[in-house]
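Visitor: What would the 3D arrangement of this be:
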Amino acid sequence: MTMLQFGVEQTDKWSKARAGKITTGHGEIPTPIFMPVGTAGSVKAVTQQQLAEEVKAKIILGNTYHLFLRPGTDILEDSGGLHKFIHWDRPILTDSGGYQVFSLAGTRKITEEGVMFQSHIDGSRHLFSPEKVMDIQRSIGADIIMAFDECPPYPSDFSYAEKSMHLTHRWLDRSVARINETVDKYGYIQNLFPIVQGGTYTELRKKSCEYISSKNAAGNAIGGLSVGEPENMMYDLCGICCENLPDNKPRYLMGVGTPWNILECIALGIDMFDCVMPTRNGRNAMLFTSAGVINIDNKKWEKDHSPIDSGIDCTISNYYSKAYLRHLIKSKEILGLTIASVHNLAFYMHVVNMARKHIIIGDYASWMKSSIDLFKQRL
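Guide: Numbering: from 1, shown residues only. Prediction:
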């Protein structure tokens, strides 16, 4: 068994964009890459077959908090891990539950030991310590597991952001210690990624990058962005983090974002992305396409019998018409949610695949500018 491997194959001449390859126990991942979010072992409204064949996803996400509550680690271990439980033979990354520290602020309490959560399912209380979070992720069986962190809210004053960062670093030390004293459960190596925090403060972000880089982990993540701060601030902080993280390790920007956010951050040196936006927006009638953004609910699409998007490599996007998808969405037919979700995910994969292609060709910066202008326009 070998640890996660990463190699940069090509860098763009006019930006920090890079094309590379991550190798895990469940296969290779070309970068830059977008990872669909399958919070509870399911990407909402999309089957694993559709993820593999239509979306052409190379890696998906699961969430430690949600999978711990349901179905539970006993069932996951009994099935041989999440890969076998959901019948997915490609890589999986699990979030540590750190985002829930941010998003479930009303039902949790943070202490040095960890975070006490109140279950959104039955109200039961559970302490998530760094050690427990590592154990849960071992049981889930992800190829990439995230260190436990606190994601501070925006805005946070300097004092809070600094205390939160130091807490994240102490939790990282405990996460690393726990990983080192436990074994991989299912016959392949599980790789720990630390997470950079520090709020919106350049000084803290640099310190956090330095601290997590010293752990020499298989890869590094940037957390605490896209939580309400202005877009330009996110880009500035992302760029600072990329400049202060190792070039020879994959960089994962957590929870970002729109197709144009992704292209801008690829230009800064990011390799990995995840976001619920393509599926969430798809379920709410917003489609990202190669010609621009569509609200499929609008009457203008009622008699448009052209394909949803003939410009991407996805049978569903090429096969069904805008008029039919609008009919399904207006009729509240579940199939409409599936078609919209598959299409948006396939479009996101199209975006990162094209980014990789243009990095290798050597014209990423110019292609990015024209693509962002195109993708942003409202149709």
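
Visitor: where are the low-confidence patches of the stretch 151-300 of the chain?
Guide: Along the stretch 151-300 of the chain, segments meeting pLDDT under 70 are nowhere present.

Visitor: where along it do the strands fall?
Guide: Assignment of strands within the stretch 151-300 of the chain using DSSP state E, counting those that start in this stretch yields the ranges 191-193, 195-196, 220-222, 251-253, 272-274, 286-289, 292-295.

Visitor: mind checking which of these is nearest L237?
Guide: When these are compared by Cβ to Cβ, strand 220-222 sits nearest L237, at 8.1 Å. Just so you know, the C-beta spots here come from the backbone N, C-alpha and C atoms, and that holds for glycine as well.

Visitor: And the strands of the stretch 151-300 of the chain: which comes nearest V342?
Guide: strand 286-289 (11.0 Å).

Visitor: As CSV, could you dump the C-alpha coordinates of the closest one?
Guide: Extracted in CSV, the C-alpha atoms of strand 286-289 (Å, rounded to 0.1, in the frame of the first residue of the first chain):
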residue,chain,number,x,y,z
MET,A,286,-31.2,27.2,-12.1
LEU,A,287,-29.0,25.6,-14.8
PHE,A,288,-25.4,26.4,-15.6
THR,A,289,-24.7,25.9,-19.3
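
Visitor: who's the residue positioned nearest the centre of the chain bridged to?
Guide: The centre of the chain sits closest to D274, judged by Cα atoms, centre = their mean, with a distance of 1.9 Å. Judged by DSSP bridges, the bridge partners of D274 are M35.

Visitor: separation between it and G62?
Guide: As defined by Cβ to Cβ, to the nearest Å, D274 lies at a distance of 11 Å from G62.

Visitor: anything in contact with each of the two?
Guide: L93 (Cβ atoms under 8 Å, 6 or more residues apart in numbering).

Visitor: what about stretch 205-225, start to end distance?
Guide: 11 Å (Cα to Cα, to the nearest Å).

Visitor: Isn't L82 up against A142?
Guide: Yes: proximity of L82 to A142 meets the contact threshold set by Cβ atoms under 8 Å, at 6.9 Å.

Visitor: ok, Q50 - contacts?
Guide: 316, 338, 342.

Visitor: one more time with 7 Å, if that's ok
Guide: Q50 makes contacts with V342, as judged by Cβ atoms under 7 Å, 6 or more residues apart in numbering.

Visitor: Averaged pLDDT, the helix or strand that it is a member of. What do you get?
Guide: Of the helices and strands defined by DSSP states H and E, Q50 is found in helix 48-50. Averaged across helix 48-50, pLDDT comes to 98.

Visitor: ok, what's across the strand from F128?
Guide: With DSSP bridges as the rule, F128 is bridged to V115.

Visitor: That one: neighbour count?
Guide: A total of 23 residues lie near F128 under the criterion other Cβ atoms under 10 Å.

Visitor: just checking, it touches V115?
Guide: Yes: the pair F128 / V115 is scored as a contact, 4.9 Å apart, by Cβ atoms under 7 Å.

Visitor: got a pLDDT number for M1?
Guide: Note for M1: predicted pLDDT of 64.

Visitor: how close does the residue nearest to L167 when sequence neighbours are not counted sit to G198?
Guide: Distances taken as Cβ to Cβ, 6 or more residues apart in numbering place E150 nearest to L167, at 5.6 Å, with adjacent residues excluded. Noted for E150: a distance of 11 Å to G198, by Cβ to Cβ.

Visitor: Compare these two and say which is more crowded by neighbours.
Guide: G198 (29 against 21).

Visitor: Number of residues surrounding the spatially closest residue to that one that is not a sequence neighbour?
Guide: With Cβ to Cβ, 6+ apart as the criterion, G198 has its nearest non-adjacent residue at 3.2 Å, and that residue is L204. When neighbours are counted by other Cβ under 10 Å, L204 registers 22.

Visitor: that older thread, show me which of L82 and A142 is the more surrounded one.
Guide: Each of L82 and A142 has its neighbours counted (other Cβ under 10 Å); A142 has more, 27 against 23.

Visitor: Please give the element, helix or strand, for the closest residue to that one other than its chain neighbours.
Guide: Excluding the flanking residues, the one nearest A142 by Cβ to Cβ, 6+ apart is T94, at 3.9 Å. Assigned by DSSP H and E, T94 belongs to strand 92-95.

Visitor: Give me the mean pLDDT for that strand.
Guide: Strand 92-95 comes out at a mean pLDDT of 97.

Visitor: Return the list of helices and strands in contact with the helix or strand harbouring H83.
Guide: Applying DSSP H and E as the criterion places H83 in helix 82-86. Contacts defined by 3 or more Cβ pairs under 7 Å, 6 or more residues apart in numbering; DSSP states H and E place helix 82-86 against helix 73-79.

Visitor: which outside residues touch the helix it packs on?
Guide: Taking Cβ under 7 Å, 6+ apart as the rule, helix 73-79 contacts 67, 82, 85, 136, 139-140.

Visitor: Tell me which two in these are the farthest apart.
Guide: F85 and I136 (14.2 Å).

Visitor: where does F148 land on pLDDT?
Guide: pLDDT, F148: 96.

Visitor: Could you dump the strands of the stretch 151-300 of the chain into a markdown table with distance to S42 added?
Guide: Shown next, in a markdown table, are the strands of the stretch 151-300 of the chain (distance: least, Cβ to Cβ, whole Å):
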| stretch | distance to S42 |
| --- | --- |
| strand 191-193 | 23 |
| strand 195-196 | 24 |
| strand 220-222 | 23 |
| strand 251-253 | 22 |
| strand 272-274 | 15 |
| strand 286-289 | 21 |
| strand 292-295 | 25 |
